[in-house]
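In: Structure of the sequence below:
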Amino acid sequence: MATTEMTDDMVVQGARAAVRIALAKNKARGVSSVVYDRKTKTLYEIRSDGQRVPIRAECDGKRAEEA
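Out: Numbers count the residues shown, from 1 in each chain. The predicted model follows:
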């Protein structure tokens, strides 16, 4: 039986698929998710209705008021 090694691309594709599934599950359950936008370097709360709300975080990691 031949086995193939997983490439970096395969691992990245699997991780992205897992994130998409987790976000879809949270949306279906009505639970908010938190995502990080690398381009804007901002945290966002994605609510079950699809609303994307920016979150301000302090340097010590504690959640601050919503922006």
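In: Against which helices or strands is the host helix or strand of residue 15 packed?
Out: Taking DSSP states H and E as the criterion, the element that holds residue 15 is helix 8-29. Packed against helix 8-29 by the contact rule (3 or more CB pairs under 8 Å, 6 or more residues apart in numbering; DSSP states H and E) you find strand 33-37, strand 42-46. Just so you know, the C-beta spots here come from the backbone N, C-alpha and C atoms, and that holds for glycine as well.
In: So for residue 3, which of these sits nearest?
Out: strand 33-37 (34.4 Å; CB to CB).
In: for the chain, what helix or strand is lowest in average pLDDT?
Out: In the chain, no helix or strand scores lower on mean pLDDT, DSSP states H and E than strand 63-66, which sits at a mean of 56.
In: which residues does the residue nearest to the spatial centre of the chain contact?
Out: In the chain, the residue lying closest to the centroid (CA atoms, centre = their mean) is residue 35, at 3.8 Å. Residues near residue 35 by CB atoms under 8 Å, 6 or more residues apart in numbering: 23, 43-44, 46.
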